[in-house]
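>>> coordinates for the following, if possible.
(one chain, ligands or ions: 2)
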Amino acid sequence: MTERLTTNSTDIQRAGAALKAGELVAFPTETVYGLGANALDAEAVNGIFRAKERPASDPLIIHVHSLAQVPPLVKTFPPQAQQLAQTFWAGALTMILPKSELVPSVVSAGLDTVALRMPSHPVALALLKAANVPVAAPSANRFSRPSPTQASHVLADLDGRIAYVVDGGATTIGLESTVLELTQSPAVILRPGAVTREMLLPFLPDVVLHQRFLQADDAPKSPGMLAKHYSPRAALTYFKGEHAAQQLYEAAQVYQQAGQRVGVMISAVDASRLKELPTETWILAEDDNTIARDLFRAFRDLDARSVDVILVAYHARGGGLSLAIADRLSRAAEGDVVG
Ligand code: TXA
Ligand code: MG
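Numbers count the residues shown, from 1 in each chain. Ligands and ions are numbered 1, 2, ... in the order given. This is a model prediction of the structure:
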């Protein structure tokens, strides 16, 4: 059994001591729940990979509560990275820097770089302070499942496999942090998140999006770019073009005639244009912040309604979280993207 802890200071101290002692503790961040282990304890970090059934080839992010924790973890902390940290930390930006010898190789999957982030969630910061060690933490889901945005998602995937989950309620951003590779020039955004390219440009005028966001079929660079990711159990199709709603509607009819149970994610405006929608519908909010916040919960919700397929119509408006939403939908669709 995994114990659910509150966010009161007694529980946070307990969770912090457990982390320091090598146990696994899931905790809320502003993006998604993380599954933490003492990053300097290779055996504890191994436990993360076992609990998640995550391949050892996929490196982890180290979480810190202060800038002073960074220098021992990296070979160099260039002025540019320090400026980004001062600007975007605490927050949803993960920076990849050359790793020091102190970081066990299991954390970075044998790479000579390390990913670092200071989360802004007050509970995460309090826990990191209580542990007072750097904390390696991937998203607290089983490998390839949607990232958890509330404690019940963590328990659905990991109950009995980890010591504690600190229940801090639902996360606010809902999608994982922006991953920025800073060890090459120009810097590359490996995973889009709440800190967008537009926000980074004043500090990194030549920062680029990884090619996979510009053209299809590119070889993955971040091991986390494996196709199968963030997926509901049901097969998902992502309709993204101009005629997304109509195409979704036609596909839904075909599936229903074949006796399949169809789940649909669609805006209220699109839904009102269609005559008869399939049974299980999740209305997408009008704004990207809310869509992002609820996206992974929607996947889990439709799964719980036992649908066989999930059809999503989402029009990326550009800017803000739209690229991150489109990215997670494409990955969940495992390439089944129409339009
Ligand atoms: O918002 C987040 O980033 C959440 C919360 C818990 O902080 N964490 C998270 O971790 O999403 P995870 O492990 O699910 O995703 C980390 C991503 C993966 O795609 C991984 O491959 C990439 O970061 N990554 C980590 N270290 C890397 C490195 N040294 N080089 C390239 N990619 C790296
Ligand atoms: Mg993850």
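>>> so which helix or strand takes in Asp294?
helix 288-304 (DSSP states H and E).
>>> helices or strands up against that helix?
helix 151-158, strand 262-267, strand 280-284, helix 322-332 (3 or more C-beta pairs under 8 Å, 6 or more residues apart in numbering; DSSP states H and E). All C-beta atoms are positioned from the backbone trio N, CA, C, and that covers glycine.
>>> check which residues of that helix are buried.
288, 291-303 (16 or more other C-beta atoms under 10 Å).
>>> just confirm yes or no for that helix near ligand 1.
No. Applying C-beta under 6 Å from any ligand atom, one finds helix 288-304 separated from ligand 1 by no less than 11.3 Å.
>>> from the middle of its chain, how far away would that helix be?
Put simply, helix 288-304 sits 13 Å off its chain's centre (C-alpha atoms, centre = their mean, to the nearest Å).
>>> anything in that helix near ligand 2?
No. Applying C-beta under 5 Å from the ion, one finds helix 288-304 out of contact with ligand 2, separated by at least 10.4 Å.
>>> quick check: next helix or strand after that helix?
The helix or strand immediately downstream of helix 288-304 is strand 309-313, counting by DSSP H and E.
>>> okay, the angle between that next one and helix 288-304?
Between strand 309-313 and helix 288-304, the angle comes out at 160 degrees (axes from the mean of the first three to the mean of the last three C-alpha atoms, to 10 degrees).
>>> just the C-alphas of strand 309-313, formatted as CSV.
Provided in CSV are the C-alpha atoms of strand 309-313 (Å, rounded to 0.1, in the frame of the first residue of the first chain):
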residue,chain,number,x,y,z
VAL,A,309,-11.3,4.5,-29.5
ILE,A,310,-10.9,8.2,-28.8
LEU,A,311,-11.3,10.8,-31.6
VAL,A,312,-10.0,14.3,-30.9
ALA,A,313,-10.6,17.4,-33.0
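>>> helices of the chain, residue ranges please.
9-20, 42-52, 79-88, 122-131, 151-158, 197-200, 244-257, 268-273, 288-304, 322-332 (DSSP state H).
>>> give me every residue in this structure lying close to ligand 2.
Residues of the chain lying near ligand 2 (C-beta under 5 Å from the ion): 138-139.
>>> where does the chain dip in pLDDT?
214-229, 277-278 (pLDDT under 70).
>>> show me what from it comes close to ligand 1.
Near ligand 1, when you scan the chain using C-beta under 6 Å from any ligand atom, you find 29, 31-32, 34, 58-61, 94, 96, 108, 111, 113-115, 117, 119, 137-139, 176-177, 179, 190-191, 222-224.
>>> could you flag which of those are buried?
29, 31-32, 34, 58-61, 94, 96, 108, 111, 113-115, 117, 119, 137-139, 176-177, 179, 190-191, 222, 224.
>>> among the residues you listed, name the ones in strands.
34, 61, 94, 96, 113-115, 117, 179, 190-191 (DSSP state E).
>>> touching, Lys75 and Leu102? I think so.
No. Under the criterion of C-beta atoms under 8 Å, Lys75 makes no contact with Leu102, lying 10.2 Å away.
>>> ok so, going back, any idea which of the helices and strands packed on helix 288-304 gets closest to Gln13?
helix 151-158 (18.7 Å; C-beta to C-beta).
>>> for the closest one, buried residues please.
For helix 151-158, by 16+ other C-beta under 10 Å, it's 151, 153-158.
>>> stretch 3-17 now?
In stretch 3-17, counting by 16+ other C-beta under 10 Å, buried: 4-5, 7, 11-12, 14-16.
>>> ok, stretch 119-139 next?
Neighbour-count burial for stretch 119-139 [16+ other C-beta under 10 Å]: 119-121, 123-128, 130-131, 133-139.
>>> just stretch 96-106 next, same as before
Neighbour-count burial for stretch 96-106 [16+ other C-beta under 10 Å]: 96-97, 99, 103-104, 106.
>>> give me the contacts around it.
39-42, 45-46, 49, 56, 62, 72-78, 81, 108, 111-116, 179-183, 190 (C-beta atoms under 8 Å, 6 or more residues apart in numbering).
>>> for stretch 232-239, same thing?
146, 245, 247-248, 251, 263, 299-300, 302-303, 307-314, 329-330, 332-334, 336-339.
>>> and those residues, which are buried?
146, 245, 247-248, 251, 263, 299-300, 302-303, 307, 309-314, 329-330, 332-334, 337-338.
>>> Gly168 contacts Leu125, doesn't it?
No. The criterion here is C-beta under 8 Å, and Gly168 misses it with Leu125 at 11.2 Å.
>>> how about the nearest residue to Gln256, chain neighbours excluded?
Val262 (5.7 Å; C-beta to C-beta, 6 or more residues apart in numbering).
>>> distance check, Gln13 against ligand 1.
From Gln13 across to ligand 1, the span is 21 Å (C-beta to the nearest ligand atom, to the nearest Å).
>>> quick one: which of the buried residues of stretch 96-106 is nearest to ligand 1?
Ile96 (4.8 Å; C-beta to the nearest ligand atom).
>>> Thr76: neighbour count?
The burial count assigned to Thr76 is 11, neighbours taken as other C-beta atoms under 10 Å.
>>> how about it, nearest residue that isn't a chain neighbour?
Closest to Thr76 by C-beta to C-beta, 6+ apart is Pro98, at 5.9 Å.
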